[in-house]
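Participant: Just a sequence and a predicted model for now, questions to come.
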Amino acid sequence: MNDKTRLLAGILLFGSLWGFSEVIIGSTIADAGLPSGGLMTGLFVIPILVLSRMLYRKPGMQLGMGFVAGALRLFNPFVGCQICSAIAIMAEGALFELIFYGISSDFRELKNLTMQSSIGIFAAYVIFVGGYIFTQILTPIVAGTGFYLENLLATMPKMLAAGLIPALIASITIPLVISVKKLDISIKNTIYYPTTIGISILCWVLVISSWLMFTA
């Protein structure tokens, strides 16, 4: 198996874990009355995006992960708007790629804790709010109801305020992930591929099974 196949397996694995966590963990947090979107972005999404960049050192991977996670999110039985959630996730993956485009995969430019926390605050805020804005624009277009600027402007204060939670969390989680810089994925293919594919399939089976049970 070549490096490209190994990367595709990694995209499938991390994208599936991302989508699974959004459906299961995110929905559980929401049911508890907590801001699931902000908490998930700060505690899970940003760390897994940074970790995957450090492990595979391949720009573009996180965009692919966003599409995998967004596709899995379409089968979420616990929310009313699967499309808007999927769009937000895909946008988050794309925004991560833009923000970290000029930064090396080992984040060596971020030499101290202050710089790491600062990029965490900036990245989490832009990714969360940007994903929110994208879904407010694209969801009505995809659904065929039409986009109206006044509706976006009316929700803008709420979106801007909601971005503070993931930003503050990421100021801690990103430095923690970056601190583990010597991670390596030198796992034999005989173990790597069955593991990545098996976990990915499990994530999809569990989510789709839940979807079928709730929609039956």
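Facilitator: Nice, I can see it.
Participant: Once you drop chain neighbours, what's closest to the residue nearest the centre of the chain?
Facilitator: The residue lying closest to the centre of the chain (Cα atoms, centre = their mean) is V45, at 4.1 Å. Nearest residue to V45 in three dimensions, chain neighbours excluded: E92, at 6.2 Å (Cβ to Cβ, 6 or more residues apart in numbering). C-betas here are computed from N, CA, C, even on glycine.
Participant: Neighbours of the one you found, how many?
Facilitator: Counted with other Cβ atoms under 10 Å, residues neighbouring E92 total 28.
Participant: do the same with Y125
Facilitator: With other Cβ under 10 Å as criterion, Y125 counts 22.
Participant: quick one: contacts for it?
Facilitator: G163, L164, P166, A167 (Cβ atoms under 8 Å, 6 or more residues apart in numbering).
Participant: For the second one, give me its contacts.
Facilitator: By Cβ under 8 Å, 6+ apart, L164 lies in contact with G38, Y125.
Participant: Could you check how far it is from A32?
Facilitator: 20 Å (Cβ to Cβ, to the nearest Å).
Participant: coming back round to it: give me every residue that touches the residue nearest to V45.
Facilitator: Taking Cβ under 8 Å, 6+ apart, we find E92 in contact with T41, V45, L49, G66, I127, F128, G130, G131.
Participant: Which single one of those residues is nearest to V23?
Facilitator: V45 (13.2 Å; Cβ to Cβ).
Participant: Backbone dihedrals for that closest one, please?
Facilitator: When read as degrees, to the nearest 10, the backbone of V45 gives phi -60, psi -50.
Participant: That one against I127, yeah?
Facilitator: Yes. The criterion here is Cβ atoms under 8 Å, and V45 meets it with I127 at 7.5 Å.
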